[in-house]
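Colleague: 3D, please:
(2 chains)
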Amino acid sequence: MESNNIMEVANGGPNFEKMVEELRDAFKKGKTRPYEFRLNQLLNLQKLLEENSDEIDRALHKDLKRHKMESAGEILPLKVEIADAIRLLSSWMLPDKLPTCLLLPNDRAYLQHDPYGVVLIIGTWNYPMLLTLNPLVGAIAAGNCAVLKLSDGSPCSSAKLAELLPQYLDTSCFKVVSGGATESVALLKVKFDYIFATCSSRIGRKVMAAAVENLTPITLELGGKCPLYIHDSADFEIAAKRIIWGKMINNGQSCIAPDYIICSRQAEEEFIACAKKVLLSWYGKDEKASQDITRIINNHHFNRLKKLLENTKGKIVVGGNTDAADLWISPTIVVDVKSSDVLMEDEIFGPILPIIRMDSAEQAIEYLNARKDKPLSLYVFSKDKNVNKMFNEQTTSGTLTFNEVMLQCSWQEMPFGGVGDSGIGKYHGKYSYETFTHKKGVLVRDFSFITENFAAIRYPPYSSAEVKLQFLYLFLSNLHYFNIPRNIGLPHVLAFFCGIVFMLFMGALQSAC
Amino acid sequence: MSSVAKNAYTEMVSSVRKAYNSGKTRPISFRVQQLKNMETMIRENSNEILDALAKDLRKPKLEATLYELEIILNELKGLIKNCKKHAEPDKLPVNLLAILDTAYIRKEPYGVVLVLGAWNYPVLLSLQPAMGAICAGNCVVIKPSELASHSAKLMAHLIPKYLDSDCYKVVLAEVEGTKDLLKNKWDYIFCTGGTNVGRAVMQAAASNLTPVTLELGGKSPCYVDESADFDLAAKRILWGKFANLGQTCIAPDYVLCSKNAEKAFLNMANVVLKEWYGDDLKTNTDIPRIVNARHCKRLKALLETTRGKIVFGGDTDEKDLWIEPTIVVDVEEDDPLMQEEIFGPILPIITVNSVDEAIEFINKRPRPLALYSFAKNEKMNDRLIENTTSGGVCVNDTMWHMAWNGLPFGGIGDSGMGNYHGKFSFDAFSHHRSVLNRSFSMLSEKLGEAR
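Modeller: Below is the predicted model:
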């Protein structure tokens, strides 16, 4: 079966209208709605990863020169997400019941979960498997059809996905599109019911603008510079390990990699001393020969990073070596960086770690809040509870992590998403399911005497309005006292009967005394 | 980063942002006080508000009280009571492997929020979103609809007297002014309006990646099954249709039913309308008016060009902004009445012979804000709910779900994105920030060393 379904149009450029129409037909027929179908697709996705793990690792290695251990950092969270979705799908799918109001006992309210319909997922190249398939898990669980746009930035991984997905998923409901910007632009011209994109802020703006025409709701997982503050109270040995680990995963090409550090001069000295030890112990003297460091994805990004190193006015104290033929940038630390430096303009997305010197946490917070961008992740390394409280209450970011990096992305039940320039919306786990679900409020009334008489006040003629209004005000303002939870179960019933028994018992006790 | 060219509102937005950055709106006590002040404002000025609504739309006192003031007061009560609870972080479960770590979700305000109101419930649709934004700790700029000018001016006059004027502003502006307002950078935009307005707002928001909630409209279908109680169905549908003279985003726009059901419905409708309005509807003070000449003309044209048969009403008087409550039968899919949201007191009835035909009809069209289904046969209702989608649903009544405590209110597709009311308002205007607090302990480090 074809993995692409592209119709070339006479005036050039692909046209995806027909492909999306097919998916819409499948959705209208209700194919993706039943629990069994969704479960089956998720199980197949699970099988895809299990049966092709070597091929997938090879593809990732070809694209990013990634060690298997780091690829596991991409594949493992994905496997956990799929396993969780399989385990929890039936509970996620249950409508949410709302409290009953005793004054309107015949009314029943709940939230019905409707899939949006045909959704578009735009993947990216730095974690090509995770960032394309993770949203897809939510889309499938929520009962949608989907189009996956694979990134041309990771050609081998994308080709592998394009080959495998049609073998495991129902191709009348899930389509794959390969290609680059041309294909993305063409896809965005078609009407989708939801768009989920992982990309840069610049592209995020274009996606949102494209969504306007059809008023398509969106989730944008964008990026930006993730700041990392190290307080003097931090444990520098552990901090250095965690920070270098987070920076060096995928050679700094992660949306949540610590982008730059803010700390005092003393902290800077301690950190660099520890960092040097860590780098030596992990990668040895000849870092380039180590099998554990990924490479830069392509020439375009390599040149961009090289230029940063050439143009920075800061002082390179660690690394700074490059090799174009190998797409190699060595782990690099730069100090004496001013906020006007080239390194402080855009997201670095590479293994270069600038350090900005600031004397206090207050100054750091002032600096962060003065910046126009709100970060995707903010990191704080500190044992000082007051400092932590300040960062908690006086800054904003998609996520906030103390004394750790990156793990907030795969922490159980933790939603992941940005704010401002770093994104709109959130996902992971049940939040993925909810992203792709429209929770429709349903109120079910009936024709009974009680129901009608309470509400009859609304009908004309509006004479005797004063009396009616007084009554109504009294009624409405005390409505909430009469709410009882809808999902009364055995424990509640038992508690109720225990209460009755207790009452009778106390009564008997009293009359005996 | 897009830079904002200076315009008439740049300075004002700047000053509001400064107020937000000062942290003034963060303490719960401050927010609750502002909400209480808003409650006082409504209570102390209810006559003036009713008066303004009467001038803008000739809204009868009962309608204005029930559908604006009472809803506002009820919402305020809920937000005041629950502000602290809503703002509490959600703790995430502790995992044995990470026993010394804590994880939670903080609810933070976005910052500076823009609320664009609408003209049909001018006070409600400006204040209900605004109070959610205030409760969530934001600073708010409200731009009420200029089409309901008396209500807008009243709000501009009252709000600075009751709420902190550094943090909460009211802006009076027309179309060009609103465009300028949108050119500024906002942290959240909440808009109630038509589909075109929604698009313009989302377009402006895209350049700053500003998240939005859009409460739009569309044609809300009303299916009436032969098993319905026609007496009550007629009352409830006609109430929903003619309140505010049909100018409600969730008014039942058109009815879908079989010819038999139509007959039963019309029989009851005649009785009900006579009971409610007597013989001369135009002089009846319980009926409001159309908001302006442009909309009146639009509705008159619909009555003139429809190919359906008018079986009740049909009278118009442009000078009085009067369109009589009207029912039209034998309406086809391509009739002028079926092209856009009617937003007026004209009720077309389209013949369908089964609930499945109704489902097919509804699914061919843009997704509505509300879906109504009248049937004693629960299976019919369930079938309709499960095979269509809409912002919300109300079975055996109209509009009621909008004021139901605990139900979110919002659209899907052309009828909008996002939702609000009650806790959903608080959540709409909050950024949920995930926080992970790891320790430096040896245990945590050992467990994490494998990486």
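Colleague: mind naming the longest helix for chain A?
Modeller: With residue count as the measure and DSSP state H as the assignment, chain A has helix A:68-92 as its longest helix.
Colleague: what mean pLDDT would you report for that helix?
Modeller: Mean pLDDT, taken over the full extent of helix A:68-92, equals 93.
Colleague: in the stretch 151-300 of chain A, which spans are helices?
Modeller: For the stretch 151-300 of chain A, helices defined by DSSP state H, counting those that start in this stretch occupy the ranges A:155-168, A:181-188, A:201-212, A:236-248, A:265-283, A:299-311.
Colleague: most tightly surrounded among those?
Modeller: Across those, the average number of neighbours (mean count of other C-beta atoms under 10 Å in any protein chain shown) peaks for helix A:236-248, which reaches a mean of 23. Backbone N, C-alpha and C define where each C-beta goes, glycine included.
Colleague: which residues touch that one?
Modeller: Among residues not part of helix A:236-248, those counted as contacts by C-beta atoms under 8 Å, 6 or more residues apart in numbering or on different chains are A:228, A:230, A:254, A:256-258, A:261, A:267, A:270-271, A:273-275, A:277-279, A:282, A:293, A:331, A:351, A:353, A:379, A:381, A:403-406, B:440, B:445, B:448, B:451.
Colleague: for the chain, give me the ranges with low pLDDT.
Modeller: Going with chain A. Counting by pLDDT under 70, chain A contains low-confidence ranges at A:1-13, A:463-499, A:502-503, A:505-507, A:509-513.
Colleague: please go with chain B instead
Modeller: In the predicted model, chain B carries pLDDT under 70 at residues B:1-5, B:447.
Colleague: pick out the residue nearest the middle of it.
Modeller: The centroid of chain B falls nearest to residue B:215 when counting by C-alpha atoms, centre = their mean (5.3 Å).
Colleague: show me what contacts the residue nearest to that one when sequence neighbours are not counted?
Modeller: Closest residue to residue B:215 apart from its sequence neighbours, by C-beta to C-beta, 6 or more residues apart in numbering or on different chains: residue B:192 at 4.3 Å. Listed by C-beta under 8 Å, 6+ apart, the contact set of residue B:192 reads B:116-118, B:125, B:129, B:215-216, B:249.
Colleague: okay if I get the residues you listed as CSV plus distance to residue B:354 and secondary structure?
Modeller: CSV is the format used below for these (distance: C-beta to C-beta, whole Å; DSSP: H, G, I helix; E, B strand; the rest coil):
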residue, distance to residue B:354, secondary structure
B:116, 41, strand
B:117, 41, coil
B:118, 36, coil
B:125, 37, helix
B:129, 40, helix
B:215, 32, strand
B:216, 30, coil
B:249, 28, coil
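Colleague: only the buried subset of those, as a PyMOL command please.
Modeller: Listed next is the PyMOL selection for buried residues among the contacts of residue B:192, using 16 or more other C-beta atoms under 10 Å in any protein chain shown:
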select buried, chain B and resi 116+117+118+125+129+215+216+249
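Colleague: mind checking the SS state of residue B:86?
Modeller: When the structure is split into helix, strand and coil by DSSP: H, G, I helix; E, B strand; the rest coil, residue B:86 lands in helix.
Colleague: count the residues that sit near residue 63.
Modeller: This is for chain A. Residues near residue A:63, counting by other C-beta atoms under 10 Å in any protein chain shown, number 24.
Colleague: ah, no, chain B please
Modeller: By other C-beta under 10 Å, the residues close to residue B:63 number 23.
Colleague: and the strands in the stretch 351-451 of chain B, which stretches?
Modeller: B:370-374, B:392-395, B:416-417, B:430-437 (DSSP state E, counting those that start in this stretch).
Colleague: can you tell which of the ones you listed is closest to residue A:442?
Modeller: For residue A:442, the closest of these is strand B:392-395, at 4.3 Å, according to C-beta to C-beta.
Colleague: check the offset of the helix or strand containing residue A:139 from the chain's centre.
Modeller: If you go by DSSP states H and E, residue A:139 is part of helix A:128-141. For helix A:128-141, the distance between its averaged C-alpha position and the chain's averaged C-alpha position is 10 Å (C-alpha atoms, centre = their mean, to the nearest Å).
Colleague: and residue A:121, which of the three is it?
Modeller: When the structure is split into helix, strand and coil by three-state DSSP, residue A:121 lands in strand.
Colleague: for it, give its distance to residue A:215.
Modeller: Here residue A:121 is placed at a distance of 19 Å from residue A:215 (C-beta to C-beta, to the nearest Å).
Colleague: which one's more surrounded, those two?
Modeller: Each of residue A:121 and residue A:215 has its neighbours counted (other C-beta under 10 Å); residue A:121 has more, 27 against 22.
Colleague: phi, psi for the residue lying closest to residue B:374 once chain neighbours are set aside please.
Modeller: With C-beta to C-beta, 6+ apart as the criterion, residue B:374 has its nearest non-adjacent residue at 4.1 Å, and that residue is residue B:228. Taking degrees, to the nearest 10, you get phi -70, psi 160 for the backbone angles of residue B:228.
Colleague: that older thread, ok, and for the longest helix of chain A, which residues are buried?
Modeller: By 16+ other C-beta under 10 Å, the buried positions in helix A:68-92 come out as A:70-71, A:73-75, A:77-78, A:81-82, A:84-86, A:89, A:92.
Colleague: same check on stretch B:273-292?
Modeller: B:273, B:276-277, B:281, B:286-291.
Colleague: any chance of those in CSV, plus distance to chain A?
Modeller: Supplementary listing: those in CSV, determined by distance: C-beta to the nearest C-beta, whole Å:
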residue, distance to chain A
B:273, 9
B:276, 4
B:277, 6
B:281, 10
B:286, 4
B:287, 8
B:288, 11
B:289, 15
B:290, 18
B:291, 20
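Colleague: most packed of the strands of the stretch 351-451 of chain B?
Modeller: Each of the strands of the stretch 351-451 of chain B was scored by mean neighbour count; the highest is strand B:370-374, a mean of 29, by mean count of other C-beta under 10 Å.
Colleague: contact residues of the stretch 101-250 of chain A facing chain B?
Modeller: Residues of the stretch 101-250 of chain A found near chain B, taking C-beta under 8 Å from any C-beta of the partner chain as the criterion, are A:101, A:107, A:109, A:111-112, A:114, A:116-117, A:193, A:201, A:204-205, A:208-209, A:211-215, A:217, A:220, A:222, A:234-235, A:238-239, A:241-242, A:245.
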